[in-house]
Each structure stands twice: as structure tokens, then as C-alpha cells.
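S.K.: Provided below for reference: sequence and predicted model.
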Amino acid sequence: MLGCTARQRYHLVPVPRNRARPTRARTIDDVAARAGVSIKTVSRVINREANVRPDTARRVHEAIRELRYRPNLAARNLASPQAYLVNVLYDNPSDSYMVGVLNGVLAACEIAHYGMLLTHCDVTSPRLIDHVHETVAQHRASGLVLTPPLCDHAQLLASFDANGIDYVSIDPRDQRDDRPFVAIDDRRAGYELTDYLLACGHRRIGFIRGHPLHGAAARRFEGFRDAHVEHGVLLDDRLVVGGLFSFESGIECGRQLLHRRGPPTAIFASNDDMAAGVLHVAQEMGIEVPAQLSVAGFDDTPIARYVYPSLTTIRQPIRAMAQGAVDCLIRHIRRRPDSAVEGPESQRFDYELVIRQSVAAPA
């Protein structure tokens, strides 16, 4: 049996006295002390409430930045009848579009110290309204950001209005002054892209509509039609087909158009996902783009740059629009009858025609 002997020695390893200890999390008291204001003032600045002097707000923001302070959302939620939470409702087949929306919402929520909840909804479900209201009640969401086509569901919007639920819509069909929204001028953008195709010499232009429940899809087609009228070019209704804003529907519509007798020399798809589907079909059929067929999209999502040839498209500032929607929503939530809230209820964003490799003059 092994045992200790007198000759055995024990070596003690000294623990350094200067070992770094975990940094204490900063509190609202630390911010108040650094800025030389009360805790209540810090809370008002964080919540962007009115009637805080600009120099005071600046000192508080500097203290927050220097101390790397992050509000405790759990504590805020316990102290409030509503959670500091923005709920994004979506039923959109374009992953690229939704990634842009979520990036914008997250950026705005981080600045405002709000959380974000993402809820998928089936716009065709008979339980849609009940489902949404159950979700809002369960999570105590402060307000909603509605993406297409949910922002165009009349009964859903009416239920929000009747129950005093704050919401902001992204690019809705019905752009009313009493319902806050962010949007671009889809009709004008559709016109400008079609005008460019016509200026390149195309006279047989196919058009792939977006989802019929999306208001923006209808406005883009209106712009397409406007350009034909202005140029005195007859619009062939046989070259207008219905898509669903998905890559798969772009493939299906591309096949419909390119297998017609007298196919189009250019195709304008109502979003980039469907335009990428058309490129897939063109490659499948051995049609060279843009030598034999020009293709254009809409949105300028990442897929427009990743496909070959890269897509001519309309750049819609999706991330900035989503961030603007959250800013508008939070202003609306924090409005008080006796205080003025700066900033417009709704906001229109600029768009840009982006010319890339997928469009050329007809052969």
C-alpha cells in the first residue's frame, strides 16, 4: 500500500493577487451618477420621452456609451403593463426581403432598447385575427410592424384600430394618413424600369406580377402599363402572367412566357427572386441573357448581385424602411396627448434604378 513518507514534499502553487475579477455590470444608478442627473431622467432619456433638455440627453447618452450600459429588459418589462417589445408579423415568400426587414428592425430596436419578436402568420387562415391577438396578448407587445401582405388585410387592420393596438405598415396598398406606414413610390419605380427597357429598344416585354394580395405588386404593374402608354407601345396582355414573389413562381412564369409563340425579348419580374427564376429557365432552355433575352427584377436584394448575369433592378431600401417603421412605431407608442412628438407619422423613401449585366438591346 502506498502511503506518505517523511521525504515526500507538498508544493503549494501561489494564486496571483492581481488576478482580474469579473467586471460588475453597470446599472442605471451608475449612469445617473456619471451624467449628474436623476435616475428618472436617465429612464426618460432611454425611453425617448419628451421634455428632456438636449444638453441633458447628450450627457446621459455619453454616460451610457462610456459605461457600456445596457438596460435590463426583464426589469423594464416587469415594471410596465407592456413589454418593451416590437412584434414583426410576416407571411412573405421572399427570404431575401425578410432578411433585410429583420436587419432594419433589429438595428432600430437596439438603439431604442427594445426587444424584437418575429411571428409567422398565414394570411389565408380563418384564424388569422385570433392568432395575432393571442400572440400580442401573450407577449404584451408594445406595437406591431406589418409586412406585406398582412399590411393589406383590411379586417386585421380594422381589429387593431378597434382594440387600440399600435402598428406601422411597410409598403401597404392603402396609404392613409391615419395609419402610419413607410413606402416607396412603387408605381413610379415600375414606370422607370419599364421606360429603361423601352429605351433600350424592347417592344415585347413580358411582365410577372407579384402576389395578388400585395398592394405593391399592383402598383408596379400600373407603372409598367403607364410606360407603355407614354411610349405609344401596345401592351400585349398575353405577356402578363401572375407570380407569387417566390423563386419557384418565377420558374413557372418564365416557362409560360418563353414557350409562347412570339416570346418576349425582355421580362420584368416584380421582384428579384422571380427574376432569378427566369434566369434559371433561360439557362435550362439555352437562351443567352442578355444577348437573346433581357431580364430585370425589383428590390435589389442580395440575390440580384449573386446570380449571373447580375440583375438590373430597382433598389428598394428595405433595411432603412424597416428601421424607419420601428422609429415611427416607437414615436407613436410614446405619444402623449399633452406632448408634441417630432417626426412625421409616415415616411416615403427614395429608390434607385440599378443597371447591371442582365439587360441589353434586343438582338
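M.R.: Perfect, I can see it now. Numbers count the residues shown, from 1 in each chain.

S.K.: Please, where are all the helices along this structure?
M.R.: Counting by DSSP state H, the chain has helices at residues 28-35, 39-46, 54-67, 73-78, 95-112, 128-139, 154-163, 186-199, 215-231, 247-258, 272-284, 303-306, 318-334.

S.K.: For the residue lying closest to Gly277 once chain neighbours are set aside, give me its contacts.
M.R.: Using C-beta to C-beta, 6 or more residues apart in numbering and skipping the chain neighbours, the partner closest in space to Gly277 is Gly250 (2.2 Å). Bear in mind the C-beta positions are built from the backbone N, C-alpha and C, glycine included. The contact partners of Gly250, by C-beta atoms under 8 Å, 6 or more residues apart in numbering, come to Ile208, Gly243, Ala269, Asp273, Met274, Ala275, Ala276, Gly277, Val278, His280, Val281.

S.K.: got a list of what the closest residue to the last one other than its chain neighbours touches?
M.R.: It refers to Val281. Among residues not flanking Val281 along the chain, Gly254 sits closest, at 3.6 Å (C-beta to C-beta, 6+ apart). Neighbouring residues of Gly254 by C-beta under 8 Å, 6+ apart: Ile208, Ile267, Gly277, Val278, His280, Val281, Ala282.

S.K.: so how far is Arg176 from the residue nearest to Gly277?
M.R.: 32 Å (C-beta to C-beta, to the nearest Å).

S.K.: Check Ala63 too.
M.R.: Ala63 is 41 Å from Arg176, by C-beta to C-beta.

S.K.: Who has more neighbours out of these two?
M.R.: Counting neighbours by other C-beta atoms under 10 Å for Ala63 and for Arg176 shows that Ala63 has the greater number, 21 against 11.

S.K.: picking that back up, for the contacts of Gly254, pick the one with the most neighbours.
M.R.: Neighbour max across these (other C-beta under 10 Å) = Ile267, 33 neighbours.

S.K.: give the contact list for that one.
M.R.: With C-beta under 8 Å, 6+ apart, Ile267 has these contacts: Ile205, Gly206, Phe207, Ile208, Gly254, Leu257, Ala275, Val278, Leu293, Ser294, Val295, Ala296.

S.K.: now with 6 Å?
M.R.: Listed by C-beta atoms under 6 Å, 6 or more residues apart in numbering, the contact partners of Ile267 are Gly206, Val278, Val295.

S.K.: Asp152 now?
M.R.: Pro172, Arg173, Gly215.

S.K.: Can you add distance to His120, pLDDT and neighbour count and give the residues you listed back as JSON lines?
M.R.: Converted to JSON lines, the contacts of Asp152 look like this (distance: C-beta to C-beta, whole Å; pLDDT from 0 to 100; neighbours: other C-beta atoms under 10 Å):
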{"residue": "Pro172", "distance to His120": "19", "pLDDT": "93", "neighbour count": "26"}
{"residue": "Arg173", "distance to His120": "21", "pLDDT": "90", "neighbour count": "20"}
{"residue": "Gly215", "distance to His120": "20", "pLDDT": "90", "neighbour count": "21"}
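
S.K.: before we move on, back to that, so which of the contacts of Gly254 comes closest to Leu85?
M.R.: Gly277 (36.1 Å; C-beta to C-beta).

S.K.: what's the spacing between that closest one and Asp185?
M.R.: 26 Å.

S.K.: Of the contacts of Gly250, which is the nearest to Met321?
M.R.: The nearest member of the contacts of Gly250 to Met321, counting by C-beta to C-beta, is Asp273 at 17.8 Å.

S.K.: looking only at pLDDT, what's the mean for stretch 46-65?
M.R.: Stretch 46-65 shows an average pLDDT of 76 in the prediction.

S.K.: Could you give me the buried positions within it?
M.R.: For stretch 46-65, the neighbour count (16 or more other C-beta atoms under 10 Å) marks Ile46, Asn47, Arg48, Val52, Thr56, Ala57, Arg59, Val60, Ala63, Ile64 as buried.
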